[in-house]
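Undergrad: With the input below, show me the fold.
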Amino acid sequence: MSDLPKYYFQDLPAEIMDEVMQEMASIQPEPSLEEIDHWLNCQNVPSTIPGWYTQAELFRAEHA
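TA: Numbers count the residues shown, from 1 in each chain. Prediction:
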């Protein structure tokens, strides 16, 4: 018994692939700006360009 999928996306007709994509989009709607902001704040990601440079410098110092 194979673990490979029975069908691959490139094997599906365009109409079926369009339906699959629409269903996937309807199941997981786009996040709101508030949800994106909350996720970014929880991920401890720098919110400014100088913050990115600081994080990169720290990473380089730790892995030098």
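
Undergrad: Please make it C-alpha for all contacts and neighbour counts, starting now.
TA: Fine.

Undergrad: got any ranges where this structure has weak pLDDT?
TA: 1-2, 4-7, 9, 44-47, 64 (pLDDT under 70).

Undergrad: Let me see the ranges of the helices in it.
TA: In the chain, the helices defined using DSSP state H lie at 14-27, 33-42, 49-62.

Undergrad: can I get those in a markdown table with mean neighbour count and distance to residue 3?
TA: As requested, those are exported to a markdown table (neighbours: other Cα atoms under 10 Å; distance: least, Cα to Cα, whole Å):
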| stretch | mean neighbour count | distance to residue 3 |
| --- | --- | --- |
| helix 14-27 | 11 | 21 |
| helix 33-42 | 11 | 34 |
| helix 49-62 | 11 | 39 |
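
Undergrad: Make JSON lines out of the ones you listed and add distance to residue 8.
TA: As requested, the helices of the chain are exported to JSON lines (distance: least, Cα to Cα, whole Å):
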{"stretch": "helix 14-27", "distance to residue 8": "10"}
{"stretch": "helix 33-42", "distance to residue 8": "32"}
{"stretch": "helix 49-62", "distance to residue 8": "39"}
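
Undergrad: separation between residue 23 and residue 34?
TA: 24 Å (Cα to Cα, to the nearest Å).
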